[in-house]
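[1] give me a 3D structure for the following:
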Amino acid sequence: MLTDLVNSQIVNLKFLDLALLGLASYRLTHLIVYDKIFEFLRRPFMKEVKEKDSEGNLEVYVEPRGTGIRHFLGELVSCYWCVGIWMSGGLVVLHLLLPAIVIKTFILFMAVAGIQSLLETFITSR
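    All right, here's what the predicted structure looks like:
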């Protein structure tokens, strides 16, 4: 029963749904890996390292803290590709299993935020 419903939704997935899921996944991933609002989530697992380059400019980058599980989680939350896979998977599962107004609204909201983020990046890079 459930598998028939999911298979039906996969077969009938529209390009617009795929595009919205992709944009929402992009925005959620960026939110977790880079944005200040989720710094509290990354802080226990990441540390800032400051170094001067050959020209004397200060470069700041982050690297995972500690060893074991703490280091593993630091690697995970700093990896755009890793977080992207988990966000994509989560959104697809929610979209397939809970196609309620709340889930579709959340995906649309994050997709619009993703478009805004891409536009802002494009405009400020010029």
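[2] name the surrounding residues that touch stretch 106-123.
    Outside stretch 106-123, the residues that touch it by Cβ atoms under 8 Å, 6 or more residues apart in numbering are 19-28, 30, 91, 94-95. From N, CA and C alone the C-beta is placed, and that goes for glycine too.
[3] residue 79 contacts residue 34, correct?
    No. With contact defined as Cβ atoms under 8 Å, residue 79 does not count as touching residue 34 (11.7 Å).
[4] secondary structure class for residue 118?
    helix (DSSP: H, G, I helix; E, B strand; the rest coil).
[5] separation between it and residue 124?
    11 Å (Cβ to Cβ, to the nearest Å).
[6] okay, the two: which has more neighbours?
    residue 118 (14 against 7; other Cβ atoms under 10 Å).
[7] pLDDT score assigned to that one?
    At residue 118, the model reports a pLDDT of 91.
[8] measure it to residue 71 for me?
    From residue 118 over to residue 71 (counting by Cβ to Cβ), the distance is 32 Å.
[9] again with residue 12
    For residue 12, the distance to residue 71 - Cβ to Cβ - is 43 Å.
[10] equivalent analysis for residue 63, please.
    Residue 63 is 9 Å from residue 71, by Cβ to Cβ.
[11] can you give me the helices in this protein?
    With helices called from DSSP state H, the chain shows them at 2-11, 15-33, 39-42, 68-78, 80-97, 101-124.
[12] rank the ones you listed by mean pLDDT and give me the bottom one.
    Mean pLDDT is lowest for helix 2-11 out of those, coming in at a mean of 63.
[13] where's residue 41 relative to residue 55, distance?
    Residue 41 is 34 Å from residue 55, by Cβ to Cβ.
[14] so which of these two has more stuff around it?
    Shown here are residue 41 and residue 55; by other Cβ under 10 Å, residue 41 has more neighbours (14 against 5).
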